[in-house]
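Colleague: fold the following.
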Amino acid sequence: MTKPALDKRDWIAGLEKGLAILEAFDDQHARMTPTQAATRTGMTRTAARRYLLTLAHLGYVQTDGKLFNLTPRVLRVGWSYFDSARLPRIVQPYLQHLSASIHENVYVSVLDEWDLVIIARNGSSRVMTTGFVLGARVPAALMSAGLVMLAYRPDEDAVRKWLDATEFRPFTPSTITDKDALYDKIRQARVDGYVVFEQQLQVGVRGVAVPIKNRHGQVVAALSVNMPIGKETSEAALARVLQPLQETALSMLNVI
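Modeller: Residues are numbered from 1 along each chain as shown. The predicted model follows:
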């Protein structure tokens, strides 16, 4: 997450502002006026309006003359990652084999700042409602894979500061929102080398995750499974899926 220094001569402020406008849209701000966009990005209304009109001309937003909203063309930018990135392509055959072995939905995820992003997945033949789509983004501390990634970050103090500065809303009655409890869970993940996390985002759903390391021993992603809890205990679920997860992660070691 440490960004390299960039010479001011190489910095394009307009590009930064244009991307800020695109990122300002979310589920709570699906349609915005230039004034609203300006408020969310820290720009003047005039500047926000000019960026919105330029993006509309390029086809990335559309407007009814007052409100602006994103168009499907924005997906070109996101899907370019899946088309060009090496990691999602490499892990896909491993996910197919793992999913067929344990009959569950399996995922590979990475951190984007403090969010967990699903970059590869493979589903079982069993009909389930516990899945996440490619590109899904959630706060890292609310998923098993996110805890694994946070556990292996070298800057432990930064994790603690982020937790302290973040308000976690409960998605279920079981969602852990206590900062100390989350921090303890993250530290324990480093000790155990895996995480079991239950009913944090969805009632009745259990997640198990392990780290994926490269040949240099660096954690580059997390391998996880999402499954319905049903009548299976945590111990039984762990006994069933942990070893296949660990073996799959280990088999990726020399190809990542």
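Colleague: which intervals of the stretch 51-200 of the chain have sub-threshold pLDDT?
Modeller: For the stretch 51-200 of the chain, residues meeting the criterion pLDDT under 70 lie at 124-131.
Colleague: strands of that one, residue ranges please.
Modeller: For the stretch 51-200 of the chain, the strands defined by DSSP state E, counting those that start in this stretch occupy 61-63, 68-70, 105-112, 115-122, 137-139, 195-198.
Colleague: just send those strands back as JSON lines, with distance to Gly230 too.
Modeller: From N, CA and C alone the C-beta is placed, and that goes for glycine too. Formatted as JSON lines, the strands of the stretch 51-200 of the chain follow (distance: least, CB to CB, whole Å):
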{"stretch": "strand 61-63", "distance to Gly230": "44"}
{"stretch": "strand 68-70", "distance to Gly230": "38"}
{"stretch": "strand 105-112", "distance to Gly230": "14"}
{"stretch": "strand 115-122", "distance to Gly230": "21"}
{"stretch": "strand 137-139", "distance to Gly230": "23"}
{"stretch": "strand 195-198", "distance to Gly230": "12"}
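Colleague: could you dump the ones you listed into CSV and include distance to Ala47 and mean neighbour count?
Modeller: Below are these laid out as CSV (distance: least, CB to CB, whole Å; neighbours: other CB atoms under 10 Å):
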stretch, distance to Ala47, mean neighbour count
strand 61-63, 15, 18
strand 68-70, 14, 19
strand 105-112, 26, 23
strand 115-122, 27, 21
strand 137-139, 27, 16
strand 195-198, 42, 22
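Colleague: for those strands, which one sits closest to Val159?
Modeller: Of all the strands of the stretch 51-200 of the chain, it is strand 105-112 that lies closest to Val159, at 10.8 Å by CB to CB.
Colleague: show me what that closest one is packed against.
Modeller: When contacts are defined as 3 or more CB pairs under 8 Å, 6 or more residues apart in numbering; DSSP states H and E, strand 105-112 sits against helix 86-102, strand 115-122, helix 144-151, strand 219-228.
Colleague: chain center to that strand: distance?
Modeller: 7 Å (CA atoms, centre = their mean, to the nearest Å).
Colleague: give me the residues contacting it.
Modeller: Residues outside strand 105-112 that contact it (CB atoms under 8 Å, 6 or more residues apart in numbering) are 1, 87-88, 91, 95, 98-99, 116-124, 128, 130-132, 137, 140, 143, 145-146, 149-150, 212, 220-227.
Colleague: okay, now the sheet partners of it, with direction.
Modeller: Strand 105-112 sits in its sheet next to strand 115-122 (antiparallel), strand 219-228 (antiparallel), going by DSSP bridges.
Colleague: ok so, going back, from the helices and strands packed on strand 105-112, which stretch is densest packed?
Modeller: helix 144-151 (a mean of 28; mean count of other CB atoms under 10 Å).
Colleague: pull the residues that contact it.
Modeller: Contacts of helix 144-151 (CB under 8 Å, 6+ apart): 107, 109-111, 116, 138-141, 159, 185-187, 189-190, 194-197, 207-211, 219, 221-224.
Colleague: just tell me which of the helices and strands packed on strand 105-112 ends up closest to Thr46.
Modeller: strand 115-122 (31.3 Å).
Colleague: CA atoms of the closest one as CSV?
Modeller: In CSV, the C-alpha atoms belonging to strand 115-122 read as follows (Å, rounded to 0.1, in the frame of the first residue of the first chain):
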residue,chain,number,x,y,z
ASP,A,115,-11.0,-2.6,1.0
LEU,A,116,-11.0,-6.3,0.0
VAL,A,117,-11.6,-6.9,-3.7
ILE,A,118,-12.6,-10.2,-5.3
ILE,A,119,-10.4,-10.8,-8.3
ALA,A,120,-11.1,-14.5,-9.1
ARG,A,121,-13.8,-16.9,-8.2
ASN,A,122,-15.2,-20.3,-9.0
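Colleague: can you dump the C-alpha atoms of the helix or strand harbouring Pro244 in CSV for me?
Modeller: Element membership for Pro244 (DSSP states H and E) is helix 234-251. Output of helix 234-251 as CSV, limited to C-alpha atoms (Å, rounded to 0.1, in the frame of the first residue of the first chain):
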residue,chain,number,x,y,z
SER,A,234,-17.2,-24.5,12.9
GLU,A,235,-14.9,-27.4,13.9
ALA,A,236,-16.4,-29.7,11.3
ALA,A,237,-16.3,-27.1,8.6
LEU,A,238,-12.6,-26.3,9.3
ALA,A,239,-11.7,-29.9,9.3
ARG,A,240,-13.3,-30.3,5.9
VAL,A,241,-12.0,-27.3,4.0
LEU,A,242,-8.8,-26.0,5.8
GLN,A,243,-6.4,-28.6,4.4
PRO,A,244,-7.6,-28.3,0.8
LEU,A,245,-7.3,-24.5,1.1
GLN,A,246,-3.8,-24.7,2.5
GLU,A,247,-2.7,-27.2,-0.1
THR,A,248,-4.1,-25.1,-2.9
ALA,A,249,-2.4,-22.0,-1.6
LEU,A,250,0.9,-23.9,-1.3
SER,A,251,0.6,-25.2,-4.8
